[in-house]
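J.: here is a sequence together with a model predicted from it:
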Amino acid sequence: MTKVRVRKAFPVKIGAMTLYCERMKCSAETTIYESSTVSGFPVKANKGRKMTRVSFTGRVYNEKNPMRIAGFANNLNSYEELEIIYRDISFHGCIITGYSAEDSGEDYITLTVNAVTTRPVYFLDGVSE
């Protein structure tokens, strides 16, 4: 029999906003540049690290005016750098690149926030779930 584990949404601070994260995605890659040798075999000429991309989806609460947070997220689309902490990972120097907000008539909205950072990801000690 398969056990079903229910996990509470984890609060994530994005600027002054708290998002109760139900789903997180993080990706990064390195671009490898190559050139050919005289014999025709490729060699690595250089490599370049691309930005780390993170996406958080979850609930944001504001019983009186739940869509106000969408306006707040819209104003985060700037060059202001934020620190975002998710569980035991800290993303420094994040820039918000986009968001989407969905209102289903509840006392919360479902919000997805996308961000990028050029800085390394830091692992924290002592962050509990």
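T.: Sure, I can see it. Note that the structure is a prediction, hence the values are computed from the model and not measured. Numbering: from 1, shown residues only.
J.: mind giving me the packing neighbours of the helix or strand where Cys21 lies?
T.: Counting by DSSP states H and E, the element that carries Cys21 is strand 17-27. In this structure, strand 17-27 packs against strand 10-14, strand 52-61, helix 68-75, with contacts taken as 3 or more Cβ pairs under 8 Å, 6 or more residues apart in numbering; DSSP states H and E. The C-beta positions use only the backbone N, C-alpha and C, and glycine is treated the same way.
J.: could I get the buried residue list for the second one?
T.: Applying a neighbour-count criterion of 16 or more other Cβ atoms under 10 Å, one finds Thr52, Val54, Ser55, Phe56, Thr57, Gly58, Arg59, Val60 buried in strand 52-61.
J.: output the lowest mean pLDDT helix or strand found in the protein.
T.: In the chain, the helix or strand scored least confidently by mean pLDDT, DSSP states H and E is helix 68-75, which has a mean of 67.
J.: and after that helix, which helix or strand comes next?
T.: Counting by DSSP H and E, what follows helix 68-75 is strand 82-86.
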